[in-house]
Every structure is written in structure tokens, then in C-alpha cells.
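Asker: Here's my sequence, what's the structure:
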Amino acid sequence: MSEILGYDSTTLREIVDPEACQSRLDEISSQRSLPALLERVWLLKVLQRLDEAQALSEETVRLARMAGTRKDLLRARVLHATVLQFQGRHEHADQILFHVAEEAEGQGWLGIAAFAHQHHGKNAYEAGDWEQARESFKRTLFLRQETGADSAALESVLLAIEAVERRRSDEGSAALDSVLLG
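Answerer: Okay, here's the model as predicted:
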């Protein structure tokens with residue numbers, strides 16, 4: 001997406017061009033297709049309009065359940081979980097992402113499974129669960145390698161794993177300092 005400028009190495013969240021996001025949101029605001037609704041949810045989320053994003057993500061999950069494929073539903077549930085994550089509702093997001101990843105892998109839908117594991121890792125990272133974040137990102141890397149993902153997709157996961165390792169190291173150093181200085 002042209003709205004994404006990069007990723008914050010501390011939060012792992014997308015860095016976006018707010019004007020481009022708003023322009024795209026205006027452009028697709030009247031569209032009712034599932035892909036357009038999913039994109040609108042994402043745009044509202046990155047613009048920090050979280051109440052609107054949540055309401056629309058719930059509507060999108062319902063629509064996918066009624067009129068979409070099983071894959072559509074899993075994608076909609078991942079996006080809904082990311083809205084919950086942005087709202088700080090990490091436990092609820094964790095449950096959704098875990099189940100989506102498990103179902104996608106069980107069905108052999110490795111691309112969707114990798115997508116779910118990636119967001120499971122980001123959610124765990126924000127919640128401060130470094131072990132879960134690392135495990136989820138490593139699973140993402142494995143699945144992306146299995147599906148022949150491009151180097152940019154692999155690189156983004158490697159950067160996420162590095163961020164987790166940095167956080168674990170920083171936290172370990174802080175704990176050691178506390179013991180030594182305490």
C-alpha cells in the first residue's frame with residue numbers, strides 16, 4: 001500500500017502518510033465490497049479512529065461469515081483482532097489470532113497462517129510477552145519461507161525478531177541493574 005511509509009522499529013506498527021490514508025478512505029467510503037470494507041477498517045485503524053474501526057471490523061466479520069469464504073472470514077478476524085490490539089485489548093486479540101492461525105494451518109492455508117502469526121507476534125510484543133512474540137515471529141518466518149515469500153516479507157519478520165531480542169536484552173539489563181544497584 002502506498003500509504004505505508006515504513007515500520008516503527010520500536011512499536012513494529014506501520015508508519016503511514018495520514019493524508020494519503022484519508023484520501024484513500026474518502027475514495028472508497030461508499031464501496032460495500034468485502035475487500036473495500038477490510039481496507040476501510042485498516043485505514044481507520046492506522047488513522048487512530050479506533051471506535052469507527054471496531055464497529056466496521058465487527059460488521060466486516062459478520063459479512064464475511066454470511067457471504068464470504070472461510071478464508072475471507074479468517075482475514076476479517078485477523079483485522080478485527082488488530083483493531084482490538086490497537087485499543088490495548090491484547091488478551092482478546094491474542095485469543096482470536098491464536099485460533100485463526102491454528103485453523104489456517106490446519107486447512108493448509110499457509111499465507112493466512114503466516115499473516116495471523118505475524119499479528120499474533122505484534123500483539124504479544126505490544127503486551128510485553130517477548131517469548132510469545134518471538135515464537136510467533138519465528139513461526140511466521142518459517143511459513144513465509146515455506147510459501148516462497150519475497151525477500152522483503154522475510155526481512156520484515158527478521159527485523160521483528162531482532163526487535164524482540166533487543167527488548168528482551170534491554171529488559172534483562174534493566175533487571176540486572178536493579179539487582180546490582182538495589
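Asker: For residue 49, what are phi and psi?
Answerer: phi -100, psi 70 (degrees, to the nearest 10).
Asker: Please apply the same query to residue 15.
Answerer: Given degrees, to the nearest 10, the pair of backbone angles that residue 15 has is phi -100, psi 120.
Asker: Ok, the one 10 residues further on next?
Answerer: For residue 25, the backbone dihedrals (degrees, to the nearest 10) come out as phi -60, psi -40.
Asker: can you check residue 47 too?
Answerer: Phi and psi for residue 47, reported as degrees, to the nearest 10, are phi -80, psi 0.
Asker: Likewise for residue 6?
Answerer: Torsion angles, degrees, to the nearest 10, at residue 6: phi 160, psi -160.
Asker: how near is it to residue 14?
Answerer: Here residue 6 is placed at a distance of 8 Å from residue 14 (Cβ to Cβ, to the nearest Å). Any C-beta I mention is one placed from the backbone N, CA and C, and that applies to glycine too.
Asker: more crowded one of these two?
Answerer: Neighbours were counted for residue 6 and for residue 14 using other Cβ atoms under 10 Å; residue 14 has more, 16 against 8.
Asker: Show me the beta-bridge partners of that one.
Answerer: Counting by DSSP bridges, residue 14 is bridged to residue 7.
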